[in-house]
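Engineer: Compute the structure for the input listed below.
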Amino acid sequence: MAMVLGGALFTAIPAVAGADDAATLQGAEQAAYLDGLKRLYLTDNERNALLAHSNALLETYALRAGYQVGQAQRQDLLYRFNVGNVGNAGELILREESRGAQGTAISVRNQRVAVFGIDPFIRYECPTGGIRCVLFNPADGSPLLSIVRDHQGAGELAKALSFLIRNVQKG
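Structural biologist: Below you'll find the model as predicted:
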């Protein structure tokens, strides 16, 4: 839907963002996004910039115990992505660390996400009644990770991860 106000053309943009955001970045927009990340993280390597940006967003939007007021078992959920080494080149490795509210009871889990042959677009949901957004594994649709409930943060993280998956798929 487009509207003309005072001689300017405005296009209505849906308020809820999703995995389609990454799909809309094409050509010059895509190049500008990737170039901006390379400048931001002071690297010429697209993959390193995408990885650094994804991990920075995961830190910024981490679901911390402090956000979980009234929850029975409050805990920090911290995530970090890495790209598989030579033997596992087509994988992203997601490290999940959960800590109890007082920094006790640390648990670490690693999850491998094979990227070859999958749709690279990350889907996410931010339920209105909840405290978290969930990003889903593009391979099987299962929950991949949770961040604090922030639509804009979830959208930016989904976009960065989608580009990272596409980059790893290229080899």
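
Engineer: And the helices in this protein, which stretches?
Structural biologist: 20-24, 28-40, 46-60, 151-170 (DSSP state H).

Engineer: Which among these is found nearest to Arg109?
Structural biologist: helix 46-60 (14.7 Å; C-beta to C-beta). To be clear about C-beta, it is placed using only N, CA and C from the backbone, and glycine gets the same treatment.

Engineer: Please name every helix or strand in contact with the closest one.
Structural biologist: Contact partners of helix 46-60 among helices and strands, from 3 or more C-beta pairs under 8 Å, 6 or more residues apart in numbering; DSSP states H and E: helix 28-40, strand 75-83, helix 151-170.

Engineer: Show me which residues of that helix are buried.
Structural biologist: Across helix 46-60, burial judged by 16 or more other C-beta atoms under 10 Å covers Glu46, Asn48, Ala49, Leu50, Leu51, Ala52, His53, Ser54, Asn55, Leu57, Leu58.

Engineer: Repeat that for stretch 108-125.
Structural biologist: Val113, Val115, Pro120, Phe121, Ile122, Arg123, Tyr124.

Engineer: Among those, which lie within strands?
Structural biologist: Val113, Tyr124 (DSSP state E).

Engineer: Can you pick out the most distant pair from the buried residues of helix 46-60?
Structural biologist: Glu46 and Leu58 (18.6 Å).

Engineer: So, low pLDDT: which residues of the chain?
Structural biologist: 1-26, 68-72, 86-88, 101-104 (pLDDT under 70).

Engineer: Val108: which of the helices of the chain is closest?
Structural biologist: Closest to Val108 of these is helix 46-60 (C-beta to C-beta; 14.8 Å).

Engineer: and the angle from that closest one to strand 75-83?
Structural biologist: 180 degrees (axes from the mean of the first three to the mean of the last three C-alpha atoms, to 10 degrees).
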